[in-house]
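S.K.: just coords:
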């Protein structure tokens, strides 16, 4: 695209990773108790899975925000997701890490298997995951088109 900045190699990876991360929530629709128990234990135990997720998610968000800021005048429309989505994810990770009480209550509500909104909550994340993964594929195609 004329006047647009370079698309970096990791940009589709950001969307593909977040897509897969959200698509795994299909498990939550299939088996509420196992899904809820697993993720609550990950957040409470703060073991290897927790640390790896915190590091990977934080790095991807920070890299996206840096790319957005670096190319402020010649961004692609989808880079706004780095600001809003990445900003939200960084806040979410911070709130989980510091155990902000209201955020913890919200998470416990979301993971309550008797929650009448369970399917809406986790179904919404699955839709976000699908759209994110699809966007990652479109960005890969766009990279290939700019190299032709």
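M.R.: Alright, I've got the coordinates. Note that this is a predicted model, so its numbers are computed, not measured. Numbering: from 1, shown residues only.
S.K.: Report the central residue of the chain.
M.R.: The residue lying closest to the centre of the chain (Cα atoms, centre = their mean) is residue 18, at 4.1 Å.
S.K.: any idea which helix is longest in the chain?
M.R.: Ordering each helix of the chain by length in residues (DSSP state H) puts helix 118-147 first.
S.K.: Excluding residues flanking it in the chain, which one is nearest residue 15?
M.R.: residue 136 (3.4 Å; Cβ to Cβ, 6 or more residues apart in numbering). Where C-beta positions appear, they are placed from N, C-alpha and C, glycine not excepted.
S.K.: Kindly provide the distance from that neighbour to residue 41.
M.R.: 29 Å (Cβ to Cβ, to the nearest Å).
S.K.: quick revisit: can you pull the contacts of the residue nearest to residue 15?
M.R.: 12, 13, 14, 15, 16, 19 (Cβ atoms under 8 Å, 6 or more residues apart in numbering).
S.K.: how many other residues sit next to residue 115?
M.R.: Residue 115 has 16 neighbouring residues, counting by other Cβ atoms under 10 Å.
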